[in-house]
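Colleague: What follows is a predicted protein model with its sequence.
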Amino acid sequence: MSAVRVRRWVISVAVVAVLALLSAATPGGIRDALALGGEVDRMRAENARLAADNAQLSLEIHALKTDPAAVERAVREELRYIRPGERVYVLEDARPEERR
């Protein structure tokens, strides 16, 4: 190789090395791209969980619109309604330190 070619090759390698170091060290560089990749994975998992929650809620909405037994169950659980003549037993928690 001629001296000019060697010189161009050394300069090219040096420029690439400087650019790689700048990319790794500056905000918005390779480190940020890698961190954002992890964030994307976390957001995808959260989106999948929310989609499953939405599907479950859609089933519950459909049941509440079409099934009287589902309405009764929801009223009894959420509003604590009872039928005339029924007895309600309230059980106290065995761990009082957690009630605070």
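Modeller: Looks like it arrived, so ask away.
Colleague: Quick one: list the elements packing against the lowest-mean-pLDDT helix or strand in the chain.
Modeller: Within the chain, no helix or strand scores below helix 3-25, which has a mean of 83 by mean pLDDT, DSSP states H and E. If you count contacts as 3 or more C-beta pairs under 8 Å, 6 or more residues apart in numbering; DSSP states H and E, helix 3-25 packs onto helix 30-66. Heads up, the C-betas are built off the backbone N, CA and C, glycines and all.
Colleague: Check the average confidence over the helix it packs on, would you?
Modeller: Looking at helix 30-66 alone, the average pLDDT works out to 90.
Colleague: C-terminal to it, what's the next element?
Modeller: Next along the chain after helix 30-66, taking DSSP states H and E as the criterion, comes helix 68-79.
Colleague: rewinding a little: run the angle between the least confident helix or strand of the chain and helix 30-66 for me.
Modeller: 40 degrees (axes from the mean of the first three to the mean of the last three C-alpha atoms, to 10 degrees).
Colleague: Any buried residues in helix 3-25, and which?
Modeller: Neighbour-count burial for helix 3-25 flags no residue at all (criterion: 16 or more other C-beta atoms under 10 Å).
Colleague: Nothing else from me, thank you.
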